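Asker: Generate coordinates for the sequence data below:
(one chain, ligands or ions: 2)
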Amino acid sequence: MSLSDIRRVLISDSLAPACAQILRTQGGIEVTESPGLTHQQLLSQIQDYDGLIVRSATKVTAEVLTAGSRLKLVGRAGTGVDNVDVECATKNGIIVMNTPTGNSISAAELTCGLVLSLSRQIPQAAESMRAGKWDRKKFMGSELYGKTIGILGLGRIGKEVAIRMQSFQMRTIGYDPIIPAEVTAQFGVQQFPLEEIWEQCDYITVHTPLLPSTTGLINDAAFSKCKQGVKVINCARGGIIDEAALLRALQSGQCGGAGLDVFIEEPPRERALVEHPLVISLPHLGASTEEAQNRCGEEIAQQIVDLVKDRALVGAVNAPALFKAFSPETKPWIQLGEAMGNLLQTLLPSINGNVQVTTSGEILKDAGSFLCSAVTVGLLRGNKEKINLVNGSLFAKSTGIQVSSQHFSGAGEIRLEVSGGGIQLVGSLSDSIPCLLKIGTSEFRSPVTLHGTLILWEGSAPLLKLTEVLSEAGSQLEMLHVSNGHSVAGISSPVSDLSLLGPCIQITL
Ligand SMILES: NC(=O)C1=CN([C@@H]2O[C@H](COP(=O)(O)OP(=O)(O)OC[C@H]3O[C@@H](n4cnc5c(N)ncnc54)[C@H](O)[C@@H]3O)[C@@H](O)[C@H]2O)C=CC1
Ligand SMILES: O=C(O)C(=O)COP(=O)(O)O
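Answerer: Ligands and ions are numbered 1, 2, ... in the order given. As a prediction, this is how the structure comes out:
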């Protein structure tokens, strides 16, 4: 099963029309657009599709992924993939890809809009005008000028928020455990430990993914350390600000207002926050601009077309080994690893225990992990229906095979060794073509191209017998390699009866 073989795609959320158009015209893909499918409808239809494209509304659960028996890809036209069970997708060998930059500006602009709205209660004032009032006293605001905004999460969106709020001459401080302080200083954000952030801020905005470490990042304890009347904004994910703690802080006056675009449950059935007079709430609109939707729709479509055309793998969040299979430098090594794993599987009566992958040569210094995945895919091909470079290493663990790698540097040969069950195979590339050099102590006089259908036997070549059997079977000898122990023949098509040649094995790579 090739992961690039994507013929039918289902779009189950509302996306820009450009997405389907690019898939159809550039990828030759059949596209069904069904925004607003119910979970039950999705479950009953997904088996007909190779790819599914969603925004945040469709919940791509384990049930959906399992029902999608031919599903190879889930595309998220947007940033957060928390509506996709990525772990289950990986187990099932399904690529999950997103377009993380396409909607950053829109989300940042909306965040800034909420900061401004909170400072002057703009939506509340507009609402009171609509109700026929002229209430100038009630809506006394405060300037942003000279105030401090704390930005938690200084990635793509956090950075854009900082740059924009600086034009109001706000002081921008923040915290991010990954982005170095020197980097954020370049866009005007001074970082502090979280403990020192709370007491400094007039506004706090969160721009992190929802992780165990960010769930309830702003909670009762954090609110209690904040300035009285602090205003908070969440345009990231519901739950980063603890909703119950926020309600308590609003009721006590510790929090002076909140701008919420996202909720733990969407749409929120619990209405206390939405109905609170100091809360400005929105129905998850961060990415809802024409520009962001066009970008995300076009990008996800282009990424899928690139995959289908075998040009590149862009935006995949769960397939580091597969990514290597698209790079011209590493692609032939991946092919070699798969072919050697497959050869080892054919030579051994059963595979369990340890398989050792040994690389040598400077250019393979960091290749251990993706070559282990490639060897595993070859080892398990035929035993596991959906084995590929997305789930290779996960499958090895569950099958009781331990594939580990070691590397020898130095100026010697660049080669790959795969050993298991007492058999050692040595391979390398010859003009970028995967080749076998040795089986145990049998060293081939010239490299054996690992491609097409091969037959392998111990001993020298019974050339006459071989050509006779092959011609009777309608096949032809294409190459013959001999060594001090084994011989390998490349043949034009598989042969059903090899018994006339004695103990031979046939392998199709
Ligand atoms: N409301 C909406 O419609 C939209 C929401 N989003 C959401 O916005 C959030 C941020 O998106 P991006 O900026 O693109 O992500 P990003 O990955 O570029 O940045 C996230 C940052 O959070 C940091 N981080 C992780 N744990 C942290 C912690 N404990 N404390 C502080 N920082 C932490 C990371 O180091 C990273 O730099 C995501 O949750 C995304 O799903 C994105 C687009 C639209
Ligand atoms: O990209 C994200 O993370 C978002 O939250 C945007 O969600 P949406 O595409 O508008 O359903």
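Asker: The residue of the stretch 201-350 of the chain at minimum distance from ligand 2: what's it in contact with?
Answerer: Nearest residue of the stretch 201-350 of the chain to ligand 2: residue 287, at 3.6 Å (Cβ to the nearest ligand atom). Every C-beta, even on glycine, is put in place using the N, C-alpha and C of the backbone. By Cβ atoms under 8 Å, 6 or more residues apart in numbering, the contact set of residue 287 is 55, 78-79, 102-103, 106-107, 293, 296.
Asker: If you drop the residues flanking it in sequence, what lies closest to residue 240?
Answerer: Leaving aside its sequence neighbours, residue 240 sits nearest to residue 206 (Cβ to Cβ, 6 or more residues apart in numbering; 4.6 Å).
Asker: which phi and psi does whichever residue of the chain sits closest to ligand 1 have?
Answerer: When scored by Cβ to the nearest ligand atom, the chain has residue 155 as its residue closest to ligand 1, at 1.9 Å. For residue 155, the backbone dihedrals (degrees, to the nearest 10) come out as phi -80, psi -140.
Asker: Hmm, residue 234 and the residue nearest to residue 240 touching each other?
Answerer: Yes - counting by Cβ atoms under 8 Å, residue 234 is a contact partner of residue 206 at 5.4 Å.
Asker: shared neighbours, the two?
Answerer: Contacts common to residue 206 and residue 234, judged by Cβ under 8 Å, 6+ apart, are 240-241.
Asker: Show me where the stretch 151-300 of the chain has its helices.
Answerer: Assigned by DSSP state H, counting those that start in this stretch, the stretch 151-300 of the chain shows helices spanning 156-166, 181-186, 194-197, 220-225, 243-252, 272-275, 290-308.
Asker: and the residue of the stretch 101-250 of the chain found nearest ligand 2, what pLDDT?
Answerer: Among the residues of the stretch 101-250 of the chain, residue 103 lies closest to ligand 2, at 5.1 Å counting by Cβ to the nearest ligand atom. On pLDDT, residue 103 comes in at 98.
Asker: and it, how many residues sit next to it?
Answerer: Neighbours of residue 103 under the rule other Cβ atoms under 10 Å: 27.
Asker: mind checking how far it is from residue 56?
Answerer: Distance, residue 103 to residue 56, using Cβ to Cβ, to the nearest Å: 11 Å.
Asker: what does the stretch 101-250 of the chain have sitting close to ligand 1?
Answerer: Residues of the stretch 101-250 of the chain lying close to ligand 1 by Cβ under 6 Å from any ligand atom are 103-104, 107, 152-158, 175-179, 207-209, 211, 213-214, 235-237.
Asker: got the residues of this structure near ligand 2?
Answerer: 55-57, 78-80, 103, 284, 286-288.
Asker: So which bits of stretch 294-314 are buried?
Answerer: The neighbour-count check on stretch 294-314 (16 or more other Cβ atoms under 10 Å) flags 294-308, 313-314 as buried.
Asker: beta partners for residue 419?
Answerer: Beta-bridge pairing for residue 419 (DSSP bridges): residue 356, residue 424.
Asker: Just give the nearest non-adjacent residue to the residue nearest to the spatial centre of the chain, would you?
Answerer: Central residue of the chain (Cα atoms, centre = their mean): residue 317, 1.1 Å from the mean position. Spatial nearest neighbour of residue 317, excluding adjacent residues (Cβ to Cβ, 6+ apart): residue 96 at 5.2 Å.
Asker: Pull up the per-residue confidence for that neighbour.
Answerer: pLDDT at residue 96 comes out at 98.
Asker: What are the neighbouring residues in contact with it?
Answerer: Going by Cβ under 8 Å, 6+ apart, residue 96 touches 73-74, 76, 81, 84, 86, 89-90, 316-318.
Asker: likewise residue 75?
Answerer: Counting by Cβ under 8 Å, 6+ apart, residue 75 touches 51-54, 97-98, 300, 303-304.
Asker: let's see it at 7 Å
Answerer: With contact taken as Cβ atoms under 7 Å, 6 or more residues apart in numbering, residue 75 is in contact with 51, 53, 97, 300, 304.
Asker: Would you mind listing what in this protein touches ligand 1?
Answerer: By Cβ under 6 Å from any ligand atom, the residues of the chain that approach ligand 1 are 79-80, 100, 103-104, 107, 152-158, 175-179, 207-209, 211, 213-214, 235-237, 261-262, 284, 286-287.
Asker: Bridged to residue 480, which residues?
Answerer: Beta bridges link residue 480 to residue 489, judged by DSSP bridges.
Asker: do you know how far it is from residue 438?
Answerer: 17 Å.
Asker: For the stretch 351-500 of the chain, just list every one of the strands.
Answerer: Ranges of strands in the stretch 351-500 of the chain, per DSSP state E, counting those that start in this stretch, are 353-360, 401-408, 415-420, 423-430, 433-439, 442-449, 453-458, 477-482, 486-491.
Asker: looking at those strands, which is closest to residue 21?
Answerer: Checking the strands of the stretch 351-500 of the chain against residue 21 by Cβ to Cβ gives strand 433-439 as the closest, at 38.6 Å.
Asker: Could you spell out the sheet neighbours of the closest one, each with its direction?
Answerer: In the sheet, strand 433-439 lines up against strand 423-430 (antiparallel), strand 442-449 (antiparallel) (DSSP bridges).
Asker: Return the residues in contact with the residue nearest to residue 282 when sequence neighbours are not counted.
Answerer: The shortest distance from residue 282 to any non-neighbouring residue, by Cβ to Cβ, 6+ apart, is to residue 261 (4.6 Å). Applying Cβ under 7 Å, 6+ apart to residue 261 gives the contacts 110, 234-235, 282, 284-286.
Asker: Buried among these? Need that as a selection in ChimeraX.
Answerer: Selecting the buried subset of the contacts of residue 261 in ChimeraX, with 16+ other Cβ under 10 Å as the burial test, is done by:
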select :110,234,235,282,284,286
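Asker: how about TSV for the contacts of residue 261, with pLDDT added?
Answerer: TSV is the format used below for these (pLDDT from 0 to 100):
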residue	pLDDT
110	98
234	99
235	98
282	98
284	98
285	98
286	98
